[in-house]
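> sequence and predicted model, in that order:
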Amino acid sequence: MPSDQARNPLAPLLPPAAIRLHAHADDWRDAIRQAGDLLVASGASTTAYTDQMIQAVERYGPYIVIAPGFALAHARASEAVLRTGMSWVSLDEPVRFGHDKNDPVKIVLGLASHGHEEHLAALQLVAALATDPTRMDALEAATTPEELLKLMNQGEDK
Amino acid sequence: MKIIAVCGMGIGTSILLKMNADKALEQLGIDGDVEATDIGTAKGAATTADLVLTSAELAEELEGLSTPVRVINNFMDVDEIAQQISDATTT
């Protein structure tokens, strides 16, 4: 319903199947790979996109770590993107991406998009979350995908 | 003024940078447009812009532009972005 979408623009983009909580990652590559696996599992991208997300950090650096503990893993729009979608991985132990200020990373949000405007509302919500440490802590503590999505909803109701 | 927000990919981080640069312009009371772009098209887009905002890594790739380039360390920090825009417009 449009009203639900207006309240939580992430809902159509982030299905429960694209959420993995309290995962273990060996390093930043593994953390991005897991975010990529979830994009593949939910039909947003092919495995090639996962490799592109890792290559993007190797080539352009760790600036995708946009806030303390929070990385926005993504690559360029390409044929490896099947539809616009997001994935969420929270880690039991944080991993280092090599960012001067925002390391270590506890949450990796994967983003696949054709680059059109359909994901802009979701990015706005992501920006609001990333700049609110209290909400990030609450989201990080979520134990089920349903709880995580509910917390995102509640925050937008305020 | 016209500002280009540059990241490697052009769909995620540069759009967040654009959103926050819009807020920074509003804070400064400056009338301006911010366009998000990837590094591949940034050099072309920069020729018609007054200022380029990007990360330290990508600023190195943009050396040689006639348009001033300012490095933003934290794309989510509106105050840092406002400071850089303000410095760029007064120097």
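Looks like it came in fine. Residues are numbered from 1 along each chain as shown, chains lettered A, B, ... in the order given.
> who touches the biggest helix by length in chain B?
Using DSSP state H, we find that the single longest helix of chain B is helix B:13-28. With C-beta atoms under 8 Å, 6 or more residues apart in numbering or on different chains as the test, helix B:13-28 has contacts from A:63-64, A:66, A:72, A:74, A:120, A:123-124, A:126-127, A:130, B:3, B:5-7, B:31-32, B:34-38, B:53-54, B:72, B:75-79, B:81-82, B:85-86. The C-beta positions use only the backbone N, C-alpha and C, and glycine is treated the same way.
> how close does A:Gly110 sit to A:Tyr63?
Separation of A:Gly110 from A:Tyr63 (C-beta to C-beta, to the nearest Å) stands at 16 Å.
> so for these two, which residue has more residues nearby?
Remark: of A:Gly110 and A:Tyr63, A:Gly110 carries more neighbours, 33 against 26, as counted by other C-beta atoms under 10 Å in any protein chain shown.
> the nearest residue to that one once chain neighbours are set aside and chain B: what is the separation?
Take A:Gly110 and drop its neighbours on the chain: the residue closest to it by C-beta to C-beta, 6 or more residues apart in numbering or on different chains is A:Ala35, 3.3 Å away. Distance of A:Ala35 to chain B, given as C-beta to the nearest C-beta, to the nearest Å: 12 Å.
> how many neighbouring residues does A:Ala35 have?
Look at A:Ala35: counted by other C-beta under 10 Å, it has 29 neighbours.
> list the contacts for B:Asp31?
Counting by C-beta under 8 Å, 6+ apart, B:Asp31 has contacts B:1, B:25.
> where are the low-confidence patches of chain A?
Residue ranges of chain A with pLDDT under 70: A:1-8, A:155-158.
> name the residues of it found near chain B, please.
A:56, A:59-61, A:63-64, A:66-67, A:72, A:74-77, A:100-102, A:111, A:113, A:115, A:119-120, A:123-124, A:126-127, A:130-131 (C-beta under 8 Å from any C-beta of the partner chain).
> narrow these to those in helices?
Going by DSSP H, the helices hold A:56, A:59-60, A:120, A:123-124, A:126-127, A:130 from the residues of chain A next to chain B.
> scan the residues you listed and report the most crowded one.
Neighbour counts for these peak at A:Val126, which has 26 neighbours (criterion: other C-beta under 10 Å).
> what sits closest to that residue if chain neighbours are left out?
The nearest residue in space to A:Val126 (C-beta to C-beta, 6+ apart) is A:Leu109, at 6.4 Å.
> and the one you found, how many residues sit next to it?
A:Leu109, neighbours per other C-beta under 10 Å, totals 25.
> relative to helix A:120-130, how tilted is the strand or helix carrying it?
Using DSSP states H and E, A:Leu109 falls within strand A:105-112. Counting by axes from the mean of the first three to the mean of the last three C-alpha atoms, to 10 degrees, strand A:105-112 lies at 180 degrees to helix A:120-130.
> partners of strand A:105-112, with directions?
strand A:70-74 (parallel), strand A:85-95 (antiparallel) (DSSP bridges).
> chain center to that strand: distance?
3 Å (C-alpha atoms, centre = their mean, to the nearest Å).
> what's the answer for stretch A:140-148, then?
14 Å.
> list the contacts of it.
So stretch A:140-148 is contacted by A:16, A:19, A:21-22, A:69, A:88, A:90, A:106-107, A:139, A:151 (C-beta under 8 Å, 6+ apart).
> nearest to chain B among the residues you listed?
Lowest distance from chain B to the contacts of stretch A:140-148 (C-beta to the nearest C-beta) belongs to A:Gly69, with 12.1 Å.
> any idea how far A:Val126 is from the nearest residue in space to that closest one that is not next to it in sequence?
Among residues not flanking A:Gly69 along the chain, A:Lys106 sits closest, at 4.2 Å (C-beta to C-beta, 6+ apart). Relative to A:Val126, A:Lys106 is positioned 15 Å away (C-beta to C-beta).
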